[in-house]
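Colleague: Sequence plus the predicted model coming up.
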Protein chains: 2
Amino acid sequence: MRLETEAEVIRAGDLEVRPADHLALARGRVMALSVREQALLEALACRQGRIVARGELYATVWGAPLRDQDRSVDVYVHKLRSKLALAIPERSFIHTHFGFGYRFEPEDSHPFHKGAHKQEQDGLR
Amino acid sequence: MRLETEAEVIRAGDLEVRPADHLALARGRVMALSVREQALLEALACRQGRIVARGELYATVWGAPLRDQDRSVDVYVHKLRSKLALAIPERSFIHTHFGFGYRFEPEDSHPFHKGAHKQEQDGLR
DNA sequence: CGAGGTCGTTCACAACCTCTTCACGCGCAG
DNA sequence: CTGCGCGTGAAGAGGTTGTGAACGACCTCG
């Protein structure tokens, strides 16, 4: 038996995150992530379904309290989203919760189900 | 074991409100609600079945006494209704009580609709 | 040692979201 | 009918987030 710091493997749709191995697989293919990107992905993935505040993410990944005006988290979320979208286009994994933080959860990349407006199927014009 | 400020989860039909997590689920799917919308939904949901006056809602959500002519509550009730209708069309959750306020309770939406759908249990006869 | 790359951080600006308030029209009660 | 209450769409202000690029530190290879 061996000691496990956290979940050994985190699954989310076609995504598989392996904190123990410091890598992530998208549909079985290894994603090319930097250290920070990997750490952020882990921090988000192991909190799957919950809204995670920037402060908590920063503390977890950077190991220090989030300073005012530090946009690092946003920038790395962006980098992660880019790579995830490249690897698995039909899913969106990282969702923004305005004023709070981010939530990790695989969902269909549907343009629908967003704003509560009147015109959604207006794409035929 | 953990301390609970209020109800940890409020259920109402296919709706699930989680004040603790600042989110609401419609049929298991996270609804995209703003802070105010979420707060108003919580205020209504935890008073399920009762008629709640605008003043009480405003005081709860906005944390201040309702000023004359302030239509904020109405506007947000409208926004909530829109999103709820989008997520769960066959139910109506927020009902108007003219001159008093609103009441939260899941009920079948207008069975008057002639849509070619299942309408087997026509309880209103 | 110097060139070229990768990575992390910070900046600046664009794009977006929320909240509030207004305006107009309908509906319900008296 | 008449008046107020409520539904609803829109616009503006202000704050938040998305995004591409610039910089410097560091690493690797020739």
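Modeller: Cool, the structure landed.

Colleague: what about stretch A:56-74, how long is it end to end?
Modeller: With C-alpha to C-alpha, to the nearest Å applied, stretch A:56-74 spans 13 Å between its terminal residues.

Colleague: Any idea how far it is from the middle of the chain?
Modeller: Taking the mean of its C-alpha atoms, stretch A:56-74 sits 15 Å from the chain's own mean (C-alpha atoms, centre = their mean, to the nearest Å).

Colleague: Give me the phi and psi for residue A:88.
Modeller: With angles defined as degrees, to the nearest 10, residue A:88 sits at phi -140, psi 80.

Colleague: Count the neighbours of it for me.
Modeller: Neighbours of residue A:88 under the rule other C-beta atoms under 10 Å in any protein chain shown: 20. Every residue, glycine included, has its C-beta placed from N, CA and C.

Colleague: Could you do residue A:48 as well?
Modeller: A total of 17 residues lie near residue A:48 under the criterion other C-beta under 10 Å.

Colleague: Against which helices or strands is the longest helix seen in chain A packed?
Modeller: Ranked by residue count and defined by DSSP state H, the top helix of chain A is helix A:72-87. If you count contacts as 3 or more C-beta pairs under 8 Å, 6 or more residues apart in numbering or on different chains; DSSP states H and E, helix A:72-87 packs onto helix A:35-45, helix A:54-62, strand A:91-97.

Colleague: Tell me what the most centrally placed residue in chain A is bridged to.
Modeller: Computing the C-alpha centroid of chain A and ranking residues by C-alpha atoms, centre = their mean puts residue A:94 first, at 4.0 Å. In this structure, residue A:94 has the following beta-bridge partners (DSSP bridges): residue A:104.

Colleague: pLDDT at it, what is it?
Modeller: According to the prediction, residue A:94 has pLDDT 98.

Colleague: Close to DNA strand D: what parts of chain A are there?
Modeller: Contacts of chain A with DNA strand D, taken as C-beta under 7 Å from any atom of the strand, map to A:54, A:71, A:74-75, A:77-78, A:81-82, A:96, A:98-101, A:118.

Colleague: Could you turn the buried ones of the residues you listed into a PyMOL selection?
Modeller: A single PyMOL command selects the buried members of those (16 or more other C-beta atoms under 10 Å in any protein chain shown):
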select buried, chain A and resi 54+77+81+101
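
Colleague: same for DNA strand C: which of the residues of chain A next to DNA strand D are within range?
Modeller: When these are checked against DNA strand C using C-beta under 7 Å from any atom of the strand, the ones in range are A:71, A:75, A:98, A:99.

Colleague: Let me know the closest of those residues to residue B:13.
Modeller: When those are compared for distance to residue B:13 (C-beta to C-beta), residue A:98 comes out closest, at 26.5 Å.

Colleague: give me the number of residues near the closest residue to the closest one other than its chain neighbours?
Modeller: Closest residue to residue A:98 in three dimensions, ignoring its sequence neighbours and counting by C-beta to C-beta, 6 or more residues apart in numbering or on different chains: residue B:34, at 6.7 Å. The local packing of residue B:34 (other C-beta under 10 Å) involves 14 other residues.
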